[in-house]
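Enquirer: here is my input, please return the structure:
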Amino acid sequence: MANPVIKVTPEGLDLELERGDDASLQWTFTSGGVPVTDLPSTGWKAQVRAKPTNASNLADAPVLMEFAIDTSDIATGVIRLSWNGDDIDALPKRAYWDLQNDAAGRRTYVGGVVISDDQVTR
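Expert: As a prediction, this is how the structure comes out:
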């Protein structure tokens with residue numbers, strides 16, 4: 001019988017974004033279906049890099065893009081990320097992102113792959 005696994009890694013959320021398009025996303029942090037209302041209002045960062053990093057390879061994967069973060073509704077568990085389409089244009093076809101907060105110790109909440117799709121009309 002296999003040992004149980006306790007997962008303390010962030011939830012996975014892959015993003016498929018259109019090159020050149022300005023856009024945003026919003027979600028509500030919940031616990032048991034109820035919005036989490038005690039999230040910090042400061043200390044948020046969301047970055048994109050060509051590959052996931054650790055202490056030994058951080059210099060090999062510079063930040064390619066940072067999302068703008070709106071926490072004006074954080075008291076209701078809502079956070080918004082937005083980006084400029086020109087920043088998506090500069091990304092490789094596949095990269096990695098995550099959202100973390102370091103206001104009270106570092107915690108990564110969500111992350112995954114960023115896929116940058118080419119578009120037709122410019």
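
Enquirer: tell me what the longest strand anywhere in the chain is packed against?
Expert: The single longest strand within the chain, with elements called by DSSP state E, is strand 107-117. Identification of packing neighbours for strand 107-117 by 3 or more Cβ pairs under 8 Å, 6 or more residues apart in numbering; DSSP states H and E yields strand 11-12, strand 15-18, strand 94-101. C-beta here means a position set from N, CA and C on the backbone, and glycine is covered the same way.

Enquirer: for those strands, which one ends up most surrounded?
Expert: Comparing these by mean neighbour count (mean count of other Cβ atoms under 10 Å), strand 94-101 comes out on top with a mean of 19.

Enquirer: so for Gly32, which of the helices and strands packed on strand 107-117 sits nearest?
Expert: strand 11-12 (15.1 Å; Cβ to Cβ).

Enquirer: I'd like the average pLDDT over the longest strand of the chain.
Expert: Averaging pLDDT along strand 107-117 gives 94.

Enquirer: tell me which of the helices and strands packed on strand 107-117 sits nearest to Thr42.
Expert: Closest among the helices and strands packed on strand 107-117, once you apply Cβ to Cβ, is strand 94-101, at 8.3 Å.

Enquirer: low-confidence regions, this structure specifically.
Expert: 1, 6-8 (pLDDT under 70).

Enquirer: can you do 50?
Expert: For the chain, applying pLDDT under 50 flags no range at all.

Enquirer: need the strands for it, in chain order.
Expert: 11-12, 15-18, 23-28, 30-31, 34-35, 44-49, 63-66, 68-70, 78-83, 94-101, 107-117.

Enquirer: ok, for Lys51, nearest residue in space, not its chain neighbours?
Expert: Spatially, and ignoring its direct neighbours in sequence, Lys51 is nearest to Ala61 (4.9 Å; Cβ to Cβ, 6 or more residues apart in numbering).

Enquirer: so the one you found makes contact with Thr53?
Expert: Yes. The pair Ala61 / Thr53 is scored as a contact, 4.9 Å apart, by Cβ atoms under 8 Å.

Enquirer: what residues are up against Asp117?
Expert: Glu16, Leu17, Glu18, Arg19 (Cβ atoms under 8 Å, 6 or more residues apart in numbering).
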